[in-house]
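**Student:** sequence plus the predicted model coming up.
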Amino acid sequence: MSVMAVRRLALRLTERYAAEGPPIDVGRIAAELGLEVVCADLGAGVSGLLVASSQGAQICVNETDHPKRRRFTIAHEVGHHVLRHQFTPGEHVHVDRGNFISQRSPRSAAGVDRKEIEANQFAAHLLMPDDLVRRHVESLGSLSLVDWQVAKLAEKFDVSEQAMTIRLTTMGLL
Amino acid sequence: MATVLEDVYPAIGRRIQQKRRERELTQEQIGRLLVPPVTRASVANIETGKQRLLVHTWLQLAAIFDVGPEALLPPSEVSGTEQPAQTIEQELRQKLELPDLATRKLAKRLEAGLAKSEWTVGLQKMTSSRRPR
């Protein structure tokens, strides 16, 4: 799937919430998709699960993670779901490790890494939609953003400064 | 049956590896048996799906293993006889490093959640272009 297609899907989901945000209510988006979000201790190094069966699907996030991190994880799992990412046949549980890149080499050969990249792009677009970010950057009134302004934007969108920095950079605003 | 590009070759590779091990052959031996011969690394790449299997290699491998060529194709999802679906608890046990009790509790919670989720409804909502006013 192209970056444009990923972006388009995220935008379609997020545009009706953009008027109310930021921050984007990712929990509500998940709920509207019928994805229940469960918080549980998943052990060290695991940020989230997408659990699916013929009956339905749900997202599980690590309760020990920072809330901002959990928001990104939910958005990432929503991405896997919406992008209809298929994992191994017969598999119900998709595990996302902290860095969102699968460490198992046979799985990277199976295109899993590409799916993780897509889900990350989706999450970034969902939580930080282009128009909304642009508008808020413009409202800051300066041409070049400085660190505290990035922090402020991150706070406004309820994402980590790291996620906001990456987003602003890919948008050519930083 | 896996039909997507990135799924097919790893699935075939796993079947080849399985058959090779059953017959107690090394990757190097397989490489030497093929005509023209290939390196051990090449066999390894075929088994991980990094290298796409050519038809003559496929047929030769089937002959080496003494099976029909279809035996090396990915298993059908519909029949599901080759890979019985695992329970969520089994998968969590394999994939997470949680204490036994925590794994069981989590599996119960997830299974209960799945039973009442309405994701098909959600998907319909999402694909509808009409926005709520």
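**Tutor:** Looks like it came in fine.

**Student:** and B:L61, its phi and psi?
**Tutor:** phi -60, psi -40 (degrees, to the nearest 10).

**Student:** tell me the confidence at it?
**Tutor:** Looking at B:L61, its pLDDT is 93.

**Student:** so it touches B:A71, yeah?
**Tutor:** No. If you go by C-beta atoms under 8 Å, B:L61 and B:A71 don't touch, sitting 9.9 Å apart. Yep, even glycine has a C-beta here, placed from its N, CA and C like the rest.

**Student:** between those two, which is the more surrounded one?
**Tutor:** In this view B:L61 and B:A71 are compared by other C-beta atoms under 10 Å in any protein chain shown, and B:L61 has more residues nearby, 24 against 15.

**Student:** before we move on, the earlier item: now the common contact residues for B:L61 and B:A71.
**Tutor:** By C-beta atoms under 8 Å, 6 or more residues apart in numbering or on different chains, B:L61 and B:A71 have these common neighbours: B:K19.

**Student:** leaving out the residues flanking it, which one is nearest to B:G68?
**Tutor:** Among residues not flanking B:G68 along the chain, B:A62 sits closest, at 6.4 Å (C-beta to C-beta, 6 or more residues apart in numbering or on different chains).

**Student:** what are the phi and psi values at the closest residue in space to B:Y9 that isn't next to it in sequence?
**Tutor:** Closest residue to B:Y9 apart from its sequence neighbours, by C-beta to C-beta, 6+ apart: B:G49 at 3.6 Å. The phi and psi torsions at B:G49 (degrees, to the nearest 10) take the values phi 90, psi 0.

**Student:** I figured B:G49 hits B:Q17, correct?
**Tutor:** No. If you go by C-beta under 8 Å, B:G49 and B:Q17 don't touch, sitting 10.2 Å apart.

**Student:** the more surrounded of the two?
**Tutor:** B:G49 (22 against 18).

**Student:** what's the neighbour count on A:D113?
**Tutor:** The local packing of A:D113 (other C-beta under 10 Å) involves 15 other residues.

**Student:** and what of the one 5 residues further on?
**Tutor:** Other residues within reach of A:E118 by the criterion other C-beta under 10 Å amount to 21.

**Student:** equivalent analysis for A:S142, please.
**Tutor:** 9.

**Student:** pLDDT at it, what is it?
**Tutor:** For A:S142, pLDDT reads 70.

**Student:** tell me the buried residues in the helix or strand where the residue nearest to B:G68 lies?
**Tutor:** Using DSSP states H and E, B:A62 sits within helix B:55-65. For helix B:55-65, burial by neighbour count (16 or more other C-beta atoms under 10 Å in any protein chain shown) applies to B:57-58, B:60-62, B:64-65.

**Student:** how far off centre is that helix?
**Tutor:** Offset of helix B:55-65 from its chain centre (C-alpha atoms, centre = their mean, to the nearest Å): 20 Å.

**Student:** which SSE is immediately downstream of it?
**Tutor:** Next along the chain from helix B:55-65, counting by DSSP H and E, comes helix B:88-95.
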